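In: What would the 3D arrangement of this be:
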Amino acid sequence: MRSIWNGAISFGLVSIPIKLVNATESRSISFRQIHTEDGGRIRYRKVCELEDREVTQQEIGKAYEDADGSLIPITDEDLTRLPLPTAKTIEIVAFVPNDRIDPLQMDAAYYLAASGAPAAKPYTLLREALKRSNKVAIAKFALRGRERLGMLRVVGDAIAMHGLLWPDEVRAPEGVAPDTGVTVRDKELDLADALMDTLGEVELDDLHDEYREAVEEVIAAKAAGEAPPEAPEPAKGGKVLDLMAALEKSVREAKESRGEEAAEEPAQEPAQVKRLPARKTARAAPKEPAGKKSTSTARKKTAAKKTTAKSTTGKSTTGKSTTGKSATTGAKKSTAAKSTAKKAQAKKTTSRKRTA
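Out: The predicted structure follows:
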């Protein structure tokens, strides 16, 4: 790996000569601009505005544009003479726990390589000290025309340095979070935890750039004079209408993809994402009146009712008449019996008087 910066790590009174190399590389596919009519290459030329001619890279320098538009030339010698101890030195200023560093501050990553045999011993000393302390070193260094903040940590047997943004370069997350009041139930959190546990962990080495691979396939097909592969139809993602149903369905699908559905929940049916029923805010509407019945049917029913009523009335009258006759006969019998008893009593009385 080619070094991009040479200097030293200042560790108290210890100086460690090092070389700075890039720890990452871009694998993205780059495109060139062309003229669509004839396929001619489009290039940008560096032209001097005063002389109206193209200039080479060796003729190009730096300048600062002032507020009035005037340019102030700045040479590399001007930058090397800056009164900064970090111009050629990575100066360690503190050692802190790694959780003190906000990931938002993370910038480009570099490897620090020991420069020469004399640097091997102090380099190894700093590496082992970082390992044993479980801390990271915070340092300041100058690179590409400005002073930067860095974090040194151990990666394998090497020391890596992450460029850090200055704290005032990280924006506060104001206005990012939703301002609508939302209540999350414990059951919803339990389902979210279950989904996280089901998805489990992943080996980062198994992940790859599918977009880049697809672009490479298109390039290879067109280079061979073949038709590029067609994109598969994207999965239709339904709207989340019921959060609980969506979480349950996600957990179930994750388990199915891991082959756990049959063993754990064989009897459960797949969850369906359904729209929540609307709340009833008003009284139910009255039932609509049934349609009018035909006139003939109504007349038949009315006649049937009248016949039934007459029959019932007749029975009732007959019952009353019979009861009246029985009562009259009983009264007559009772009167005759009383008259016979009086006559018998009178005969007895007359007989007694005669005897006397």
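
In: all contacts plus neighbour counts: C-alpha atoms, from now on.
Out: Will do.

In: contacting residues for Val170?
Out: Neighbour list for Val170: Leu104, Gln105 [criterion: CA atoms under 8 Å, 6 or more residues apart in numbering].

In: count of residues packed around Ile34?
Out: By the criterion of other CA atoms under 10 Å, Ile34 has 12 neighbours.

In: Next one, pLDDT for it please.
Out: On pLDDT, Ile34 comes in at 94.

In: Repeat that for Asp242.
Out: pLDDT, Asp242: 73.

In: Quickly note the distance from it to Glu226.
Out: 46 Å (CA to CA, to the nearest Å).

In: for Asp157, same thing?
Out: 48 Å.

In: What of Leu149?
Out: 51 Å.

In: Gly150 sits in which helix or strand?
Out: Using DSSP states H and E, Gly150 sits within strand 146-155.

In: heading toward the C-terminus, what's the first helix or strand past that strand?
Out: Immediately after strand 146-155, counting by DSSP H and E, sits strand 158-164.

In: By mean pLDDT, point me to the weakest helix or strand of the chain.
Out: Ranked by mean pLDDT, DSSP states H and E, the weakest helix or strand in the chain is helix 261-264, scoring a mean of 47.

In: rewinding a little: which of Leu149 and Glu226 has more neighbours?
Out: More crowded of Leu149 and Glu226, by other CA under 10 Å: Leu149, with 22 against 11.

In: contacting residues around the more buried one?
Out: By CA under 8 Å, 6+ apart, the contact set of Leu149 is Ile138, Ala139, Lys140, Phe141, Gly163, Leu164, Leu165, Trp166.

In: From Ile138, how far off is it?
Out: For Leu149, the distance to Ile138 - CA to CA - is 7 Å.

In: Pull the residues that contact the helix or strand where Glu128 lies.
Out: Glu128 belongs to helix 120-133 when assigned by DSSP H and E. The contact list for helix 120-133, computed with CA under 8 Å, 6+ apart, reads Val14, Ser15, Ile16, Ala114, Val136, Ala137, Arg153, Val154, Asp157, Ala158, Ile159.

In: Filter the residues you listed down to the buried ones, ChimeraX style.
Out: Applying 16 or more other CA atoms under 10 Å to those, the buried members can be selected in ChimeraX as follows:
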select :15,16,114,136,137,153,154,159
